[in-house]
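[1] Sequence and predicted structure are below.
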Amino acid sequence: MRVVWFLLLAGALYLIYRRPPAIFHGGPPSLLVDARAIPYYASLSLARMAAAYVLALVFSIAYGYVAWANPLARRFLLPLLDVLQSVPVLGFFPAAVFFFVGLFHGGRLGLELAAVFLIFTSQAWNITFGVYESLTTIPRDLEEAAMAFSLGPGLRFSRLLLPAMVPKLVYNSMLSWAGGWYFLIACEIIALGPVNFTLPGLGSYLINTAQDGRLDLTMLGLGALVLLIIALDLLLWRPLGVWANRFKYELTAGGPAPTSRLLTMWRKWPVARWTTLAGVAVWSAGRRVARAALGPPRRGLGAARAVIDRRWPGLPGRLGSAATRIVGWLIVAGLGYLVVRSVIALGELLLRPWPIEARAIPAGLGASFLRLALAYLISLAWTVPVAYLIATNERAYQVAMPVFEVLASVPATALFPVIVFIIAGRSGGMNVAAVLLALTGMQWYLLFNLVAVAQSLPADLKEAAAAYGVKGRLYMFRVVLPALFPSLVTGSITAWGGGWNALIIAEYVVYKGHTFTAFGIGSLLDRATYSSGNLQMIWLSLISMVLVIVTLNRVFWRPLYDLAAKRFKIEY
Amino acid sequence: MALLELHDVCKVYSEEGRSITVLDRVSFDVETERFVCLVGPSGCGKSTLLRMIAGLDQPTSGQILYDGRPVVGVNPHIAVVFQSFALFPWLTVSQNVELGLESRGVDPKTRKGLADKYIDQVGLDGFEEAYPRELSGGMKQRVGIARALAVEPRLLCMDEPFSALDALTAQNLREEVLSLWEDQNLKVSSIVMVTHGIEEAVFMADRIVAFSARPGRVISIVPVDLPRPRNRKDEAFLRLTDQVYSLIV
């Protein structure tokens, strides 16, 4: 199934991608290099994020719901989601730009949509999985209670399904939102650099000021970005997170419930109360009007339904399920046709004699892999000891965590202009820059995964170790490392996913009109996309990259994950 | 005519090609104004049977008649109380109680009145705006009972309603449920309750339907004619308890 989906996806993108890149003349970038422009750019970036997030939210709820409610659809939708998730999103940005800019005949709107679409793809899958998971874990009793009181579809959704989604929706949204910043900045940088379009925002401001040699302004922009991210976290996500606790089935035992002073303040703030009251008033008035208007037709429908039910009991249900089945099979047939078409199209492309550059692909993959491996080892080398330290020392935790949280809130791509400014042009500079960028994209996943577990190491295990005099190295190897192992594996999987994405912008940089590259799969892909326009190379690079990622996951991480789940999970 | 009739009800699950019979030709009646307990070892399918009576599940074969008509889907005259309470954690006590009424399109004012009335009856006056997690286990089940009573059912189905509570709370609630049921103002005519506590069944029921281990069959239907309120120390009470024990074990 996953293979079929991958082929379909690749084929569909190929069909879009086949357009010649003739639309690539967006005019010279015209951006202000002025500190006063920062708020304006920040608001543009934020607007893009918000638009993408709203789309992702609506999409996720709809997709997750259908995958949960319809077993036939589920068989297709879940594997598709799996494939979508393992695709390095940034690789497809050029495709998206082609498509949307073409759709709007080179207008700015097309470019904006391309960026929003890319951010959307970085946010949606994670939230969708969250929705699906929340729906499948609704306690059976609650579902039966809803059934026993014969809740209609609307009431069932608003009282059972939607509230059940809230905790995951909020938590995964926080993750997605953080990921979104990373891709937003990347979009703005790519658009300005290789693609040569203007996507005014904080990302383009950063790279633009760095190009002008105004590193002071770059730092100012970076500071504004961090401030914006932290403010959103404090004002929006934390209060939401606390509020979401109400929707959990039971608070986990032990430990006080998390609180948010802001949520309390917000609730006490008179203006907030008035707006809420006004909102409720408008809402209920609207509902009353709607009900009055819809009442007669609804009653008519109800009566008709009752007649049908009496005359031919069970008929509507049977008709409905027959219709669903027919529609389902039509969709399957349509998709099947598309699979065949796209496989043929892709096959034709790939069966033509391959360009000479294609020989560089295995070596490129190897070089990129080595870069990631190096960045990964560096991450491991510092995050494991730090996690250990934090696990054994409450004060270290109190002091270090806020610092790490602020550092990690900087999207790695935003550091990119600074890194490039410092090392561009020096020999081997690009190699260092690529590893550094991959590192910033990888290390936090590891650190936070490890710290979460190190912090919650069960007290009785610690006490048992102390009681038997287990200390030092023995404590590290017998207690801490085994306990950390499962989260080390999950953190590593996410980190590598982030790393591959980072390479796509890290190995190929357009800076002050010059192109700097570090040889690897990312630069091969970028060169094919931005300068040679060789479709075969684009597709060969993308496909081989996805293959490597999937293979690594299958033969390396998956077994480790299973081992971790079996041997090292602490169950309580 | 009996309020509820079961004729040769069977339930078969198929799992990985094997079919497992959970209930085998179960037949009995529930008259009006009766308290019937279904007892049996765990896994005998008594909870499944209760779900089929409530219309949450369908028998593989056989018939369940409510008021002489086959049960198809959820019946508005039947309400369910769950073992795990099944309260919606994101709704307040009164929102939980009003939910069944809301789904019937009862207007907000009437809804509120009914909810308040039944919240009062189960002794939760003053907790209308509390969330379930702020309540103790016994109070949660009171909400579950109020929620069921609020839709004013004729038949009340209870699935081990006291087994998640501590002994003292459970005994209090048992007595309250009995006094609510005996109260002539209540619309509930009969109660079907699943339990694995034989003493509990003897304490509460007029009729005890005893089930065998899987596949569940009706071994015997024992009438309980002890006067109410019943005394657990009473000799007749103990004798009856022993009798039901020997049937099942």
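    Alright, I've got the coordinates.
[2] And the helices in chain B?
    In chain B, the helices defined using DSSP state H lie at B:46-53, B:93-103, B:108-121, B:137-150, B:167-182, B:198-204, B:235-248.
[3] Of all those helices, which one is nearest chain A?
    Distances from chain A to each of the helices of chain B were compared by CB to the nearest CB, and the smallest falls on helix B:93-103, at 3.8 Å. Heads up, the C-betas are built off the backbone N, CA and C, glycines and all.
[4] I'd like to know which residues of chain B are adjacent to chain A.
    Counting by CB under 8 Å from any CB of the partner chain, the residues of chain B lying close to chain A are B:51, B:54-56, B:72-74, B:76, B:78-80, B:82-86, B:88-91, B:99-100, B:102-104, B:131, B:133, B:151.
[5] could you flag which of the residues you listed are buried?
    A residue is treated as buried here by neighbour count (16 or more other CB atoms under 10 Å in any protein chain shown); on that basis the buried members of the residues of chain B next to chain A are B:51, B:54-56, B:74, B:78-80, B:82-86, B:88-91, B:99-100, B:102-103, B:131, B:133, B:151.
[6] Format the helices of chain B as JSON lines; extra columns: mean pLDDT.
    Output for those, formatted as JSON lines (pLDDT from 0 to 100):
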{"stretch": "helix B:46-53", "mean pLDDT": "91"}
{"stretch": "helix B:93-103", "mean pLDDT": "88"}
{"stretch": "helix B:108-121", "mean pLDDT": "91"}
{"stretch": "helix B:137-150", "mean pLDDT": "91"}
{"stretch": "helix B:167-182", "mean pLDDT": "89"}
{"stretch": "helix B:198-204", "mean pLDDT": "92"}
{"stretch": "helix B:235-248", "mean pLDDT": "90"}
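[7] Filter the residues of chain B next to chain A down to the ones in strands?
    In strands, judged by DSSP state E, the following of these are found: B:I78, B:A79, B:V80.
[8] Need the phi and psi values for the residue of the stretch 351-500 of chain A found nearest chain B.
    Going by CB to the nearest CB, chain B is nearest to A:S456 of the stretch 351-500 of chain A, at 21.7 Å. Dihedral angles of A:S456 (phi, psi; degrees, to the nearest 10) stand at phi -100, psi 20.
[9] For A:N449, see how far away it is.
    Counting by CB to CB, to the nearest Å, the gap from A:S456 to A:N449 is 12 Å.
[10] Who has more neighbours out of these two?
    Counting neighbours by other CB atoms under 10 Å in any protein chain shown for A:S456 and for A:N449 shows that A:N449 has the greater number, 23 against 13.
[11] how close does the nearest residue to that one once chain neighbours are set aside get to A:F369?
    For A:N449, ignoring the flanking residues on the chain, the nearest one in space by CB to CB, 6 or more residues apart in numbering or on different chains is A:G491 at 3.2 Å. According to CB to CB, A:G491 and A:F369 sit 19 Å apart.
[12] Settle it for me: which of these two has more neighbours?
    Set A:G491 next to A:F369 and count neighbours by other CB under 10 Å: A:G491 wins out with 27 against 18.
[13] Now do the same for the more buried one: helix, strand or coil?
    At A:G491 the chain is in helix, as set by DSSP: H, G, I helix; E, B strand; the rest coil.
[14] okay but it is in contact with A:V453, surely?
    No. With contacts counted by CB atoms under 8 Å, A:G491 stays clear of A:V453, the gap being 9.4 Å.
[15] Now list whatever residues contact both of the two.
    With contacts defined as CB atoms under 8 Å, 6 or more residues apart in numbering or on different chains, no residue is adjacent to both A:G491 and A:V453.
[16] I'd like to know how many residues surround A:F421.
    Should you count by other CB under 10 Å, A:F421 turns out to have 19 residues around it.
[17] Which member of the ones in strands among the residues of chain B next to chain A is positioned nearest chain A?
    Here the nearest of these to chain A, counting by CB to the nearest CB, is B:V80; it sits at 4.5 Å.
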